[in-house]
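In: Pasting the sequence and the predicted model now:
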Amino acid sequence: KDSAGQRHVRGTARNRNGTSLLSQSPPRRTGRSGRPRVARYRVPPRLAKAPNPSPLPGSTTTASTPTSLAFETRLLSPNPPETKTTTTTVGSQLRSPAAAADFSPRTGGAAGAAEMASSMRRRPSRGGGGPGAAAENWERLVRAALKRDRAGGAGASAAAAHAGAGAGLASAVPPSLGRTTNIEQILQAADDIEDDDPNVARILCEQAYSMAQNLDPSSDGRGVLQFKTGLASVIKQKLAKKDGGSIDRQNDIEVLWNFYLEYKKRRRVDDMQREQEIMRESGTFSTEMGARAMEMKKIYATLRALLDVLEILVGQAPSDRLGRQILEEIKKIKRSDAALRGELMPYNIIPLDASSVGNVVGFFPEVRAAIAAIQNCEDLPRFPYDTPQLRQKDIFDLLQYVFGFQDDNVRNQRENVALTLANAQSRLSLPNDTEPKIDEKAVTEVFCKVLDNYIKWCRFLGKRVAWTSLEAVNKNRKIILVALYFLIWGEAANVRFLPECLCYIFHNMAKELDGILDSSEAEPAKSCVTNDGSTSYLEKIITPIYLTMSAEANNNNDGKAAHSAWRNYDDFNEYFWSRSCFELSWPPAENSKFLRKPAKRKRTGKTNFVEHRTFLHLYRSFHRLWIFLILMFQCLTIIAFHHGKINISTIKVVLSAGPAFFILNFIECCLDVLLMFGAYKTARGFAISRLVIRFLWLAAISTFVTYLYVKVLDEKNARNNDSTYFRIYVLVLGGYAAVRLVFASLAKIPACHRLSNYSDRSQFFQFFKWIYQERYYIGRGLYESIGNYARYVIFWLVIFACKFPFAYYLQIRPLVVPTNIIVQLHDLQYSWHDFVSKGNRNALTILSLWAPVVAIYLMDIHIWYTLLSALVGGVMGARGRLGEIRSIEMLHKRFESFPEAFAKTLSPQRISSRPVPQDSEAATKMYASIFSPFWNEIIKSLREEDYISNREMDLLMMPSNCGTLRLVQWPLFLLTSKIMLANDYASDCKDSQKELWHRISKDEYMAYAVKECYYSAERILKSIVDGEGKLWVDRLFQYLNESIGRDSLLVTINLKKLQLVQSRLTGLTGLLIRDETADRKAGVTKALRELYEVVTHEFLAPNLRGRI
């Protein structure tokens, strides 16, 4: 979560084929200063030894943050190691402007000395070389830097103040040091108290240098050598400022302690804490409170740094009596001074780990109600909570104690749940009470939305949810279950890509939690207790699953291995789509097949579907289309060979499509059996049972129907009146077709969905539906509407109505006569007579005749589909007026009609709630006021996505049109350069006023621009002058309006001087839009005077100059 409230999950995972399994990075926590703080998680011992290079998101792996001191350069140290140096361009690796400012030679100090040293080393030295010369040069540079620092101390201080809190060495701490220590805070405190006591600042810098030296003695980290060198030079400066006086470091502890007490007294920390408590109890927020809170935060950060350094120094001399007293006092202060830690606690949006008066979100009634609901522990069992905290215990502390969730995960999800409840509460629009309480409806809404997938999963498997009924669960229990689900998800690593696996984990943990909540005292969950007696959800639950997934991903040979050779995300997740997943036990047994890691001879196969790379998929994937086309070709050919006569004899032959249908389906079932190899050992029992049942059923029904049809043909050839087999055959086919039609209706027709879901309660109907179509957890509710389904069916019926008559009359029927002739030919001589025609009635000749026709018959459905799609798409595009605006010029012309079309089509309620004016211009203005907010939101979203620049956004934004201006205000991109063209028209005008306005009005937006400029100039001038000046403006525009009404404007003004007036007015508005200063105020006065002179003496006619 960042400071703007947006959650970001960083990390990488491959696509569904699972070619790699990379874990996500932990979520970043952001402090009040806006700097991202990385949430750190501990690594279970088992994960630390794992061979997989990709770490868990719950492990201690944090992305390196950029640092402002991130450049490599050659520095001259007092004792350089031999003469091996590395030279790169100074500033070539700079990551931020702050670093460039801090390490510029102009700023002086250590940074300037370092860069000067690097610059000098790049020039050839005039003197000798060696360590002695290097040390002499270094000392000379430090003395020069100190001299310049003394000479320009005021300027440097001002620059540092302008740079803000992040300036100086505090912002240059390398990430390898800043992530594990508080060196940055110590150096920042040294910068803040430099003016108060340089000796204390020196102590803090020396301690920071000692910490950096202990962490990285050899300076191997990136930027550590430069940081140490710069810090050492700063310490030398502070020592040089003592003017040669000796420093007794034995008194550092006492000096630091006395300064701490004096600083705390001078800053009135105790009074500030009391003020903070009063502000917090008031329950209201103001800007003064926010500014005061920022000041307190800075003071608390300095005090915290002083205490940390004191604690380190005292720990180095525990035998000293004064040291022991100070150490006891420090521990006492750190335990009692809650505010000292509270204001420095990192958080995302609202501070829940410690109260703060500088956060306005925490004062919202909805947020306060959500926090109170989370902290409601009245009906919860007792659990250890002896550690002093800055907040009250809540349900997250209970869940952390029971299941062993990590600290940063708990902090993140505590905020997440609080904000989710607050958002749901705010949507209810309830009146604010003095004691805000979370409403039951808000909790139920969040509960049902978060656990919706879990409830559907339990219903699909026929399992009872973890609670008895929704009505029986009280508000507090709902919040606990929501918090548990979020905590499970937040620490699930790549297992979060297995949503049904998370449902399984939540189901079992919720069952455990239910038993714990019913007891009087909480105890750790047995499923999360590790071998060493600690409690860890990550180690006991997530780690085994993750390691198995990682091992499977490493077994895929970078995506080159066969699909059947390894398991991907789908296989792991689909394991939890059947009740057999509960055979895993709880916690999941490590010796189970599900958690078995792949080996050469013994591994776990696929869960359900195996993809074999074969061309047989051409038939298997589209078997319904192939079967339909083959059967239709068979029926049309039979009818063609019967000369188009439809009688009982023809019908009996056409019914041969029955055995063909079942045989083709049996072939498809055989392909299913063949292509399932690789998943039989681990596939769900239901899937294998369905496959076997379908295979046996289609084999039996194919044999039976074929036998019946042979008997029907025997009856036909016998030429008797007995038609018993024919009736049985028709009855079997009709019954089968009726059953298939019923199940197709339940599965395809939207109106039957409710009936289909109701029939699932019956095992009988569920069995036959299962035979007809495999039950999957996902995609069950994806149905088209009845209108879309009807249009889809009609579309394909039209295609078939075009294809089959074309195939019958132009492809099949013309070949009937040639085929009969070729069959009856007996005396044909072929080169390969024995192979081609001997005893087969010229079968290969007939095959060569029909093969192209059959190929075209099978493929021309794509042609018919393409033609009809183009026709339907063209009609839909014409109805939707797609492509009507093809250029920016057409957009300009049609933009004027957008507001009215938008208001009448998409926002009719807004029109009905307002009186529609009779004047067309007023009506257009009303439509524009409705349209402008929506248009502006679109433009703002384009800017947020960085599709347009700020200038382009300003040109595209549309005024609100809600003011009293008497015309519609359009976006500036429509009015660009219109005033310039109008000025050219006016300068060249030699006709009357009507002719000039007629010429301008040919461009509607030019007319709008002229009107808006005229009215805006009047309002601007009236707003910035008063007294006699306002009377002059009133008289001026009164005469202009009268001249316009009498069509005598060309007599009243000199149009040749219009551009001069425009330039003066433009200069005036350019000054008005800037911030007010004394110089600009005088400039506005001067611009007004110049405008007055131009209008009075050059723009107006001579007879009006004296009257105005």
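Out: Structure's in. What do you need?
In: Please make it C-alpha for all contacts and neighbour counts, starting now.
Out: OK.
In: Residue 592 and residue 499, how far apart?
Out: Here residue 592 is placed at a distance of 20 Å from residue 499 (CA to CA, to the nearest Å).
In: With neighbour numbers in mind, choose between the two.
Out: Remark: of residue 592 and residue 499, residue 499 carries more neighbours, 17 against 12, as counted by other CA atoms under 10 Å.
In: Quick check, pLDDT for that one.
Out: Here the pLDDT value assigned to residue 499 is 92.
In: phi, psi of it?
Out: phi -60, psi -40 (degrees, to the nearest 10).
In: Not counting its neighbours along the chain, what's nearest residue 485?
Out: residue 506 (6.4 Å; CA to CA, 6 or more residues apart in numbering).
In: just checking, the one you found touches residue 487?
Out: No: with contact defined as CA atoms under 8 Å, residue 506 does not count as touching residue 487 (9.9 Å).
In: So these two - more neighbours on which side?
Out: Higher neighbour count among residue 506 and residue 487: residue 487, with 26 against 22, using other CA under 10 Å.
In: so for the helix or strand hosting the more buried one, what's the average pLDDT?
Out: Using DSSP states H and E, residue 487 maps to helix 475-490. Here helix 475-490 scores 94 as its mean pLDDT.
In: Contacts for it next, please.
Out: 373-374, 376, 395-396, 399, 405, 409-410, 413-414, 417, 440, 443-444, 446-447, 450-451, 496, 502, 505-506, 510 (CA atoms under 8 Å, 6 or more residues apart in numbering).
In: Keep only those of these that are in strands.
Out: Among the contacts of helix 475-490, no member falls in strands (DSSP state E).
In: Buried ones only from these, please, as a ChimeraX command.
Out: Buried members of the contacts of helix 475-490, identified by 16 or more other CA atoms under 10 Å, are gathered into one ChimeraX selection as follows:
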select :373,374,395,396,399,405,409,410,413,414,417,443,444,446,447,450,451,502,505,506,510
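In: Return the subset of the contacts of helix 475-490 lying in helices.
Out: With helices taken from DSSP state H, the overlap with those comprises 373-374, 395-396, 399, 409-410, 413-414, 417, 440, 443-444, 446-447, 450, 502, 505-506, 510.
In: Low-confidence regions, the stretch 451-600 of the chain specifically.
Out: Counting by pLDDT under 70, the ranges of the stretch 451-600 of the chain that qualify are 562-565, 599-600.
In: Spell out the residue ranges of the helices in it.
Out: 452-461, 475-490, 499-517, 537, 543-554, 569-574 (DSSP state H, counting those that start in this stretch).
In: What of the stretch 701-850 of the chain?
Out: According to DSSP H, counting those that start in this stretch, the helices that the stretch 701-850 of the chain contains are 724-748, 753-759, 763-772, 786-807, 816-824, 833-836, 843-879.
In: Name the nearest residue to residue 802, ignoring sequence neighbours.
Out: residue 864 (7.5 Å).
In: Just the pLDDT for that neighbour.
Out: Looking at residue 864, the pLDDT reads 94.
In: Count the neighbours of residue 463 for me.
Out: As a burial measure, residue 463 scores 12 neighbours (other CA under 10 Å).
In: Angles on the backbone of it, please.
Out: Dihedral angles (degrees, to the nearest 10) for residue 463: phi -100, psi 150.
In: do the same with residue 1027
Out: Dihedral angles (degrees, to the nearest 10) for residue 1027: phi 60, psi -130.
In: and it, how far is that from residue 1034?
Out: In terms of CA to CA, residue 1027 sits 11 Å off from residue 1034.
In: In terms of neighbours, single out the busier of those two.
Out: residue 1034 (16 against 7).
In: In contact with the more buried one, which residues?
Out: residue 1022.
In: just residue 668 next, same as before
Out: Residue 668 touches 619, 620, 623, counting by CA under 8 Å, 6+ apart.
In: rerun that using 6 Å as the cut-off
Out: residue 620 (CA atoms under 6 Å, 6 or more residues apart in numbering).
In: report the angle between the axes of the strand or helix carrying it and helix 724-748?
Out: In this structure, residue 668 sits in helix 657-675 according to DSSP H and E. Per axes from the mean of the first three to the mean of the last three CA atoms, to 10 degrees, the angle that helix 657-675 makes with helix 724-748 is 50 degrees.
In: how about helix 657-675: buried residues?
Out: Within helix 657-675, the residues scored as buried using 16+ other CA under 10 Å are 657-670, 673, 675.
In: Make JSON lines out of the helices of the stretch 451-600 of the chain and add distance to residue 977.
Out: Putting the helices of the stretch 451-600 of the chain into JSON lines (distance: least, CA to CA, whole Å) gives the following:
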{"stretch": "helix 452-461", "distance to residue 977": "57"}
{"stretch": "helix 475-490", "distance to residue 977": "56"}
{"stretch": "helix 499-517", "distance to residue 977": "58"}
{"stretch": "helix 537", "distance to residue 977": "67"}
{"stretch": "helix 543-554", "distance to residue 977": "62"}
{"stretch": "helix 569-574", "distance to residue 977": "59"}
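In: so which of these gets nearest residue 1079?
Out: With CA to CA, the closest approach to residue 1079 among these belongs to helix 475-490: 57.7 Å.
In: That closest one versus helix 452-461: what angle between them?
Out: Going by the same axes, to 10 degrees, helix 475-490 makes 90 degrees with helix 452-461.
In: returning to what we had before: I'd like the mean pLDDT over the helix holding residue 668, please.
Out: Here the average pLDDT along helix 657-675 is 86.
In: okay, now the domains of the chain?
Out: According to the TED database, the chain comprises the domains 167-358, 375-583, 615-748, 784-884, 886-974, 979-1107.
In: Now do the fourth one: distance from first to last residue.
Out: Counting by CA to CA, you get 30 Å between the two ends of domain 784-884.
In: that older thread, out of the helices of the stretch 451-600 of the chain, deepest packed?
Out: The highest mean neighbour count among those, using mean count of other CA atoms under 10 Å, belongs to helix 537: a mean of 23.
In: Report how many residues lie close to the residue nearest to residue 802.
Out: 17.
In: for residue 708, same thing?
Out: 19.
In: what about it, distance to residue 949?
Out: 77 Å.
In: Make a markdown table from the domains of the chain and add distance to residue 596 to it.
Out: Formatted as a markdown table, the domains of the chain follow (distance: least, CA to CA, whole Å):
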| stretch | distance to residue 596 |
| --- | --- |
| domain 167-358 | 38 |
| domain 375-583 | 7 |
| domain 615-748 | 12 |
| domain 784-884 | 41 |
| domain 886-974 | 46 |
| domain 979-1107 | 71 |
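In: ok, of these, where does mean pLDDT dip lowest?
Out: domain 167-358 (a mean of 71).
In: Now for residue 928: which residues touch it?
Out: Neighbouring residues of residue 928 by CA under 6 Å, 6+ apart: residue 899.
In: just residue 1105 next, same as before
Out: Taking CA under 6 Å, 6+ apart, one finds residue 1096 in contact with residue 1105.
In: Tell me the spacing between it and residue 1056.
Out: 17 Å.
In: now swap in residue 379 and tell me
Out: Counting by CA to CA, the gap from residue 379 to residue 1056 is 87 Å.
In: And those two? Which one has more around it.
Out: residue 1056 (16 against 11).
In: Excluding chain neighbours, what is closest to residue 510?
Out: Residue 510 sits nearest to residue 466 (CA to CA, 6+ apart), 6.0 Å away.
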